[in-house]
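Peer 1: Just need the structure, nothing else, for what follows:
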Amino acid sequence: MGIFGKEKFNEANEWRTYIKWKIEDASKGKVNCINPNDHFNFLDDTGYKNQREVMEYDLWAVRRSNLVIVNFNDPKSIGSACEMAIAYERRIHIIGLCERNEENTLHPWLKEFCNRIFNDREELIAYVIKHYID
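Peer 2: Coordinates of the predicted model:
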């Protein structure tokens, strides 16, 4: 099994698949959302040889993006922080999701990277559709 247990992977993947489905559906094919778990599944670590391969893919996807959505369900995630720094440096907008209302505990730089942070995923989705798709 990969670096995450099944429960942690499912939690990390559930919000991604839901938001991806809602945004792609609303865009009627105009938008392609990338869920990195669709490429490298941490429950089956036979698809990659090392973490560098995973990192390189994720950062390549960020560099090609027009928008990055980050979930602060694990505000100490080094991977998310690295992805946000690269997106910020490339002037790619970053929208945050902080459903556990722990926004006050986030590092100030993580907040500053974000164009906006939501504590409700439906509000986040509506905002993305209104301001980035329609």
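Peer 1: which residue ranges form the strands in the chain?
Peer 2: Under the criterion DSSP state E, the chain contains strands at 67-71, 93-97, 116-118.
Peer 1: what about the protein, any weak spots by pLDDT?
Peer 2: Low-confidence segments of the chain, defined by pLDDT under 70: 1-6, 42, 44-46, 101, 103.
Peer 1: need the longest helix for it.
Peer 2: Ranked by residue count and defined by DSSP state H, the top helix of the chain is helix 6-27.
Peer 1: counting contacts, what elements does that one pack onto?
Peer 2: Counting contacts by 3 or more Cβ pairs under 8 Å, 6 or more residues apart in numbering; DSSP states H and E, helix 6-27 is packed against helix 36-39, strand 67-71, helix 121-128. C-betas here are computed from N, CA, C, even on glycine.
Peer 1: ok, residues contacting that helix?
Peer 2: By Cβ atoms under 8 Å, 6 or more residues apart in numbering, the residues outside helix 6-27 that reach it are 2, 4, 31-33, 35-37, 41-43, 69, 71, 73-74, 97, 121, 124-125, 128-129, 133.
Peer 1: Repeat the analysis, applying 7 Å as the threshold.
Peer 2: Counting contacts by Cβ atoms under 7 Å, 6 or more residues apart in numbering, the residues outside helix 6-27 that touch it are 4, 31, 33, 35, 37, 42-43, 69, 71, 121, 125, 128-129, 133.
Peer 1: Name only those of the residues you listed that count as buried.
Peer 2: F4, V31, C33, N37, F42, I69, N71, R121, I125, V128, I129 (16 or more other Cβ atoms under 10 Å).
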